[in-house]
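>>> Predicted structure and sequence below. I'll ask about it afterward.
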Amino acid sequence: MKPEPSHDDALAPERLARLAERAEHDPSAAAELDFLADLVAGLERTRARQAAAAPPPAPRFLVRPWLPAAAASLLFLLALGAWLLSDDGRATQRLAGREAPPYLASELRGAEAPSGFAAAMEPYTRGDWPAARTALEACLAERPEHGPTRFYLAVACDQLGDLARAEELYRDATASPDALLAGHARIRLAQLLVERGDLAGARAELERLAQSVGELAPNARDLLQALGER
Amino acid sequence: MRFSWDAFLARYGPLARLIARPLVRPPATAEDLVQEALLALHEALAREPERFADEEHARNYFLRALRNQAGKTLRRAGREQPLVGELAAEGLDALELRLVRERHELVARCLDELPAPDRELLTRRILDGHTLQRIAAERGVPLSTLHEREQALLAQLRRRCAPLENRPEAAR
């Protein structure tokens, strides 16, 4: 049997890396690279669109005629029970969950970062909140104007249950010139206020963020809606 | 140079992730490499803006930084928050971003018009990194036939995408 000829696989990722190298001094390679960049993005878009339009999976079992009625009755009874027994649920869950956010590498490298900031983020990443707090307090003393230090110190205090200190720090961080950091601080401040029972305060913070043009405005509107359910 | 981070990353981010995928060393991810390269570009732009007369210089620097980053041990893996939002706040240019997105939408439409097996061929080859040999074996067609089909499809798409490119060298 005649063997298949070998083909130059121009689409292999390692070939793309070489094409990127060539593009630095070869205009035709640069044009091909731009074409492929658009093609990759277009394919990702097409795939995402197809995934969104995919029909839901077919039911794996036969639905008995009486099953929907029984399920509806059961759901009605459960909902009635939940309504009678509980006055807070969804909103509290959505508003109270405050996981520690990961930090950004760029924050470690910023010229304005305190000298111990990168080291302080190591216990932070491990979830060693007492050590993270001690290290970040030292950073804050060195550079009080460094927004990320204030924000992650607030998170550490929050995780340790020192809500008063966390609130103070989150409030300060909302004044950061970094709009994204300030937005995150405001959302977490609102969540903390909910936990402390200050719903009016939380609503005021979220409304302020929701009215802004920042990219966290939709998140704030979503949380406001959840708050409205209480 | 006017520079839109969002538009730049929308255009070259997917390709960069594709290039980074085979180069990356665990526990780092392709996204880590892309973010590090983006950061390197960000710093270079701030340090020596005169080096970046147009977007092509930025693209070349970005993709070179990506390859260089692959050779280094990354300090940390598992970045979860994208850097782009942070950078975008500094130089957001909504019009540039819109133009790139429109270009991608037009490319996607060209792809939608292809017969499903052709579209699947390109998707598997480019996004999934499947080899022609594997696809040919699965479809029961000769490798050379599939290779010719792929070349024809790429040529067809190149022709259709050429008018979308607004840089002068695209006219060559």
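Perfect, thanks for sending it.

>>> Would the biggest helix by length in chain A count as contacting chain B?
When chain A is parsed with DSSP state H, its longest helix is helix A:27-53. Yes: contact of helix A:27-53 with chain B (CB under 8 Å from any CB of the partner chain) involves A:27-28, A:30-31, A:33-47, A:49. Glycine gets a C-beta too; all of them are placed from N, C-alpha and C.

>>> What of stretch A:201-219?
Yes: Stretch A:201-219 lies within reach of chain B by CB under 8 Å from any CB, at A:E215.

>>> Quick one: end-to-end distance for that stretch.
From the first residue to the last, stretch A:201-219 extends over 17 Å; the measure is CA to CA, to the nearest Å.

>>> Please apply the same query to stretch A:135-149.
Using CA to CA, the gap from the first to the last residue of stretch A:135-149 comes to 10 Å.

>>> contact partners of that stretch?
By CB atoms under 8 Å, 6 or more residues apart in numbering or on different chains, the list of residues contacting stretch A:135-149 from outside reads A:103-104, A:107, A:110, A:112-117, A:119-120, A:123-124, A:150, A:152-153, A:156, A:173, A:176-178, A:181-182.

>>> For PyMOL, write the select line for the buried members of these.
To isolate the buried ones among these in PyMOL, judged by 16 or more other CB atoms under 10 Å in any protein chain shown, type:
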select buried, chain A and resi 103+104+107+113+114+117+120+123+124+150+152+153+156+173+176+178+181+182
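
>>> contacting residues for the spatially most distant residue from the centre of chain B?
What lies farthest from the middle of chain B is B:G140; by CA atoms, centre = their mean that is 31.0 Å. Under the criterion of CB under 8 Å, 6+ apart, B:G140 has no neighbours.

>>> for chain A, where's the lowest mean pLDDT among helices and strands?
Taking mean pLDDT, DSSP states H and E as the measure, helix A:90-96 is the helix or strand of chain A with the lowest mean score, a mean of 54.

>>> now do chain B
Ranking every helix and strand in chain B by mean pLDDT, DSSP H and E puts helix B:84-91 at the bottom, with a mean of 42.

>>> Only C-alpha atoms, please: export the next helix or strand after that helix in CSV.
Remark: after helix B:84-91, the chain's next helix or strand is helix B:94-112, criterion DSSP states H and E. Output in CSV follows, covering the C-alpha atoms of helix B:94-112 (Å, rounded to 0.1, in the frame of the first residue of the first chain):
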residue,chain,number,x,y,z
ALA,B,94,-14.8,51.5,22.8
LEU,B,95,-14.7,52.2,19.1
GLU,B,96,-11.5,50.1,18.6
LEU,B,97,-13.1,47.2,20.5
ARG,B,98,-16.3,47.5,18.5
LEU,B,99,-14.4,47.3,15.3
VAL,B,100,-12.5,44.2,16.3
ARG,B,101,-15.7,42.6,17.5
GLU,B,102,-17.5,43.4,14.3
ARG,B,103,-14.6,41.9,12.4
HIS,B,104,-14.9,38.7,14.4
GLU,B,105,-18.6,38.7,13.9
LEU,B,106,-18.1,38.9,10.2
VAL,B,107,-15.5,36.1,10.3
ALA,B,108,-18.0,34.0,12.3
ARG,B,109,-20.6,34.6,9.7
CYS,B,110,-18.3,33.4,7.0
LEU,B,111,-17.7,30.3,9.0
ASP,B,112,-21.4,29.9,9.6
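
>>> by how many degrees do helix B:94-112 and helix A:27-53 diverge?
Put simply, helix B:94-112 runs at 80 degrees to helix A:27-53, going by axes from the mean of the first three to the mean of the last three CA atoms, to 10 degrees.

>>> can you give me the helices for chain A?
So, for chain A - with DSSP H - the helices run A:13-22, A:27-53, A:67-85, A:90-96, A:105-109, A:117-126, A:129-142, A:147-160, A:163-173, A:179-195, A:199-210, A:217-228.
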